[in-house]
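> Just need the structure, nothing else, for what follows:
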Amino acid sequence: MKLTYRIWRLSLPLVLLAALAAACGGNSPESEEWEAVFLELPGALTSVWGTSPTDVWAVGADAGPEFGATVLHYDGSQWQRLQTGFSGDLWWVFGFSGGPVFMGGSQGAILKYENGGFEKMDTPGAPTVYGIWGVAPDNVWAVGGNVSAGAFAWHYDGVVWAEVPGFPQNVFESDSLFKLYGRNATDMWMIGTNGVALHYDGSTFTQAPAGTARNLFTVHADAGLYAAVGGFGSGVIVENDGGGWKDVTPDGAPQVIGIYLTGTGQGYAVGVEGSVLRRDGNRWKIVDTGLTIDGAFHSVWVDPSGGVWAVGGQVLAPPLIDGVMVYKRP
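Numbering: from 1, shown residues only. Alright, predicted model coming up:
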C-alpha cells in the first residue's frame, strides 16, 4: 500500500495517518514498529526538532512558487504547514521552549519564528546555513559553507548575527561545516567535510583528529558521549567519550546522515534508503523499520516521551523533493 499525503492535507490528525500507515510494513522478530506519517510531500524534509511530543517542527526544501520553504508544526493533534514568506531551501531547525525557533538555509538565510510570525534575519554572508544550535535565545550559533568550501561560524547575541572572532576560516577554505552541537557554551563540536572536527571551549577553536577522513554530516551529544555520522556510499560513525574520536561503525552500515543521542548509551542514526541504526549499550545496530522508503533520511529527533521522528526524501541531489516523515511510538 502506497500512501501519498499532499502538503495541503497536513491538517489530518497524526493518529489517523499513523493508523493508515501501519499497513505500509510488517514486523519481524528484530524489527521496530515504525509508522509512515507523510510520503511524497512536494519538498524534501531536512530537519526535525521539538521541545515535547506536542511541539514538533520539521523544515525542508522550497516546494515551488505555490509553497515556498517547507515549515511544518505539530501540536499533538495535527500537523500544520506555516507560510514563511521565504523562497529557498531550509536545512536545519533548532529553538527553545516557548520560542524563538531558528531555521537556517540557502543564501545565508536564517529565519526566526516567534510570537506567531517569521522574521528573516540579517546575516554576515550568503553561504548555506547547514546547522544551528544554541544555549539560550541570546547565545545561538550557525555553521555552514558552500558544500565543499567556505566554512564559517556565526554567533547571535540576541541582537545581531556576526562572524566569530578567532574562527580559523583560512584553515578551512576547502571545507564546509555541516553541523554543530554542544553541552554548554564552553563545550561544543563542529563537524564537516573531510573529517573536520573543531572544538570550541568558549574562547578558543581547536581542531582534532576525527577518527575518519570522510565527510561528517551531523553531531550530537549526551552527558557522557559525543557522536558524529557521515560517509559516502557506505557509512561512518565516530564517538568521543572525552578520550578522542574513535571509529565505531558497524559492519555493513550504509551512509549515515542524521544522529540523536538520548543518554544512557542509547540513540538513533538515520541515512540512505530509509536506513535506521539504534545504539544500545556500546554498539550500533541496523534495525528493520518494516517500511520501504526510497529516499534518504536526513535528520532524526527523539522527543522527551521516547517517540522517534525521522525525516528525509530526495536530499542527496537536487531537486529536493518527495518529503517523507516516519515515527516510532515510545
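
> where does this protein dip in pLDDT?
Scanning the chain with the threshold set as pLDDT under 70 gives 1-31.

> Swap in 90 and give it another go.
Within the chain, the segments meeting pLDDT under 90 span 1-32, 64-67, 147-148, 169-173, 263-265, 280-282.

> Next, give phi and psi for Gly274.
For Gly274, the backbone dihedrals (degrees, to the nearest 10) come out as phi 70, psi 30.

> Now it: closest residue in space that isn't a chain neighbour?
Ile293 (2.6 Å; Cβ to Cβ, 6 or more residues apart in numbering). To be clear about C-beta, it is placed using only N, CA and C from the backbone, and glycine gets the same treatment.

> ok, so what distance separates that neighbour from Ile321?
Taking Cβ to Cβ, to the nearest Å as the measure, Ile293 falls 14 Å from Ile321.

> Neighbour count for the two, which is higher?
Neighbour tally, Ile293 and Ile321, criterion other Cβ atoms under 10 Å: the higher count belongs to Ile293, 24 against 18.

> Wait, that one touches Val272, no?
No - Ile293 is beyond contact range of Val272, at 9.6 Å (criterion: Cβ atoms under 8 Å).

> The residue nearest to His155 when sequence neighbours are not counted and Glu114: what is the separation?
The shortest distance from His155 to any residue other than its chain neighbours is 5.0 Å, reached at Val164 (Cβ to Cβ, 6+ apart). Noted for Val164: a distance of 23 Å to Glu114, by Cβ to Cβ.

> Could you do Gln83 as well?
When Gln83 is compared with Glu114 (using Cβ to Cβ), they lie 15 Å apart.

> And Ala317, by the same measure?
34 Å.

> that older thread, look at Gln83 and Glu114 and report which has more neighbours.
Legend: neighbour count by other Cβ under 10 Å for Gln83 and Glu114, higher for Glu114 (15 against 10).

> what's near enough to touch Gly202?
The contact partners of Gly202, taken as Cβ atoms under 8 Å, 6 or more residues apart in numbering, are Ala185, Thr186, Asp187.
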